[in-house]
Each structure stands twice: as structure tokens, then as C-alpha cells.
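Colleague: Output the structure for:
(one chain, ligands or ions: 2)
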Amino acid sequence: MTSRLPIIGITGGIASGKSTVARAFARLGIPWVDADDIAREIVAPGEPALDEIHRRHGSRILLEDGQLDRRALRDIVFADEAERHWLESVTHPRIRARLNERLDDFRQREVPYALLVSPLLFESGQSELVDRCLVIDVPESLQIARTARRDGVDESQARAIVAAQMSREKRLSRADDILLNEGDEQDLADRVAELDRKYRALGGLPPAR
Ligand SMILES: CC(C)(COP(=O)(O)OP(=O)(O)OC[C@H]1O[C@@H](n2cnc3c(N)ncnc32)[C@H](O)[C@@H]1O)[C@@H](O)C(=O)NCCC(=O)NCCS
Ligand SMILES: Nc1ncnc2c1ncn2[C@@H]1O[C@H](COP(=O)(O)OP(=O)(O)OP(=O)(O)O)[C@@H](O)[C@H]1O
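Modeller: Ligands and ions are numbered 1, 2, ... in the order given. The predicted model follows:
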């Protein structure tokens, strides 16, 4: 089935507010899929990606119950760029395939548009799956503070994760729409309502780029 369902990609650095923005769209009836959630699914016990990671790093990256020890793997990949690229080569093709399946599900539904939320929309080529890119933008100091508070990491690891991602300037240069998320949650909801009106009006978008 060929569908003209517009897909909006939402991206931004770590703790920029992507999930908070997506939940605000969801309250307006818009479905979304999050690449971080899919990234968790594809490393569940029994999945081939977890076997590959286990073969490379041994049991130090497994918890006693056989789940991936995410903290252990995080410590490895954000301290070693080559290991991060290796992990991405294992996970990104699988994440992308599964994202595509979810988008196909949305295309069967009566919705005005749908969202693909991903921290690495541009870096991983997932932007090819979407029609328009919304960048959630925050000053880096706020981003580091929110990451350290939410994820219980120290400031230097928060900085290392930010450094592993696209720079703020480069991300903004690729945005079709920008939401500056430095106000409170009401301010954010008002901006989402404005974007929702715009996205509902999208009819004859060109094919996915
Ligand atoms: C390294 C892992 C195990 C750390 O797990 P953890 O539970 O601590 O973090 P979580 O998955 O919730 O990610 C938190 C944030 O880290 C950042 N991040 C994750 N992976 C990457 C990466 N490869 N490069 C840059 N930033 C990343 C993102 O901003 C993400 O939102 C995990 O992030 C992972 O498997 N990453 C590789 C897969 C990937 O690229 N995921 C991003 C979605 S495409
Ligand atoms: N406008 C806001 N006002 C106050 N706190 C906010 C606002 N937006 C987001 N936050 C808080 O900042 C943190 C990060 O937000 P959120 O989890 O939505 O970011 P994210 O971009 O989805 O993060 P990640 O991709 O790293 O999981 C959360 O604790 C959230 O409650």
C-alpha cells in the first residue's frame, strides 16, 4: 500500500526533551515510535544482537539474569570511539528495520501524521525514513545538567555522550522546524499545539527523502 502519511522525525541531543515533546503530541492523538525503545528491544535476551555483543565483550556486559548490563556497555562505548562505532554497526541496521515496520503499522491507521523520535536521526541515516525533521534544541549547559540529574551519571560522562553526538549547530542546520525547550512544560505544550496545527495541514508532501 502506498500511503501519504506524513512522518515527522523528532531529534535532539541527550535529555533535550524529545520524549517530553512526543508525549505532548500523543495527548493530541498522534502516535510515535522511539528509537531508544527499539534499541532496547533488539538487545533483549535471545536476540542476535545481544549474542554478538556478548561474543565481543564477554560476560562483563551481562547481568546475572542474562539481560544486557547497559551501564557496563555505556561505560565501554562512551570511553572508546571504535567500540561505539562497532556497537552501532551491530544495532543501527536492526533498529532501522524495526522502525520501518512500526511506521508501516501507523500507515494502516487513520491518523493525520506520525512521529519517529530518535537521538541519532541524522547520524544513523534514519532521517531517510521521515518527511520533515523537528529539532528539539536546548543550551548545552541545561542538557548536561538534565542528563546528570536524570541518568545518575557524572558531569564528565554526560559531556562525553554530548561529544559523541552531532554538534548543536550542525543539527540545527538540518532542521525543518526547531523547538527551543528552555521554558517550562506549559510553554512546551503551547509550542507543540502550534506545530500540530502545521503538521495536520501537511497534505501533499513530497515523498520521503
Ligand atoms: C550504550 C547503551 C547500552 C547505553 O544504555 P543506557 O540505558 O545507559 O542509555 P539509553 O539507551 O537510554 O540512551 C540514552 C541516550 O544516550 C545517547 N546515545 C545512545 N547511544 C548512542 C550512540 N551510539 N551515540 C551517541 N549517543 C548515544 C542518546 O542520546 C540516548 O537517548 C545504549 O545507549 C545503546 O545500546 N546504544 C547503541 C544503540 C544506539 O545507537 N541507540 C540510540 C538510538 S538509535
Ligand atoms: N520544558 C521542560 N521543563 C522542565 N523539565 C523538562 C522540560 N523538558 C524536559 N524536561 C526534563 O528533562 C529531562 C529530559 O527530558 P526527556 O527525557 O524528554 O529528554 P529526551 O530528549 O527524550 O532524552 P533521551 O533521548 O536522552 O532519553 C527529563 O527529566 C524531563 O522531565
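Colleague: use CA for all of it now, contacts and neighbours both
Modeller: Noted.
Colleague: Spatially nearest residue to Ile53, not counting backbone neighbours?
Modeller: Leu87 (7.5 Å; C-alpha to C-alpha, 6 or more residues apart in numbering).
Colleague: separation between that neighbour and Leu73?
Modeller: Relative to Leu73, Leu87 is positioned 9 Å away (C-alpha to C-alpha, to the nearest Å).
Colleague: same deal with Leu134?
Modeller: Applying C-alpha to C-alpha, the value for Leu134 to Leu73 is 29 Å.
Colleague: More neighbours: these two, which one.
Modeller: Taking neighbours as other C-alpha atoms under 10 Å, Leu134 and Leu73 compare with Leu134 leading, 22 against 18.
Colleague: if you look at stretch 8-21, does any of it touch ligand 2?
Modeller: Yes - applying C-alpha under 6 Å from any ligand atom, one finds stretch 8-21 touching ligand 2 at 14-20.
Colleague: Narrow these to those in helices?
Modeller: Filtering the residues of stretch 8-21 next to ligand 2 for membership in helices, criterion DSSP state H, returns 18-20.
Colleague: Considering only those, which also neighbour ligand 1?
Modeller: Near ligand 1, taking C-alpha under 6 Å from any ligand atom as the test, no member of these is found.
Colleague: Show me just the buried residues among these.
Modeller: 18-19 (16 or more other C-alpha atoms under 10 Å).
Colleague: Nearest to Ser59 among the ones in helices among the residues of stretch 8-21 next to ligand 2?
Modeller: Ser19 (31.7 Å; C-alpha to C-alpha).
Colleague: Can you give me every residue that contacts whichever residue of the chain sits closest to ligand 1?
Modeller: Taking C-alpha to the nearest ligand atom, ligand 1 has its nearest neighbour within the chain at Ile14, 3.6 Å off. Counting by C-alpha atoms under 8 Å, 6 or more residues apart in numbering, Ile14 touches 119, 143, 147, 161-162.
Colleague: Enumerate the positions of stretch 97-113 that are buried.
Modeller: For stretch 97-113, by 16+ other C-alpha under 10 Å, it's 98-100, 102-103, 106-107, 112-113.
Colleague: The residue in the chain sticking out farthest from the centre sits in which helix or strand?
Modeller: Centroid-distance maximum for the chain: Glu64 at 28.3 Å, with C-alpha atoms, centre = their mean. Using DSSP states H and E, Glu64 falls within no helix or strand.
Colleague: buried ones in the one helix or strand Arg55 maps to?
Modeller: Using DSSP H and E, Arg55 sits in helix 48-57. Across helix 48-57, burial judged by 16+ other C-alpha under 10 Å covers 49-50, 53.
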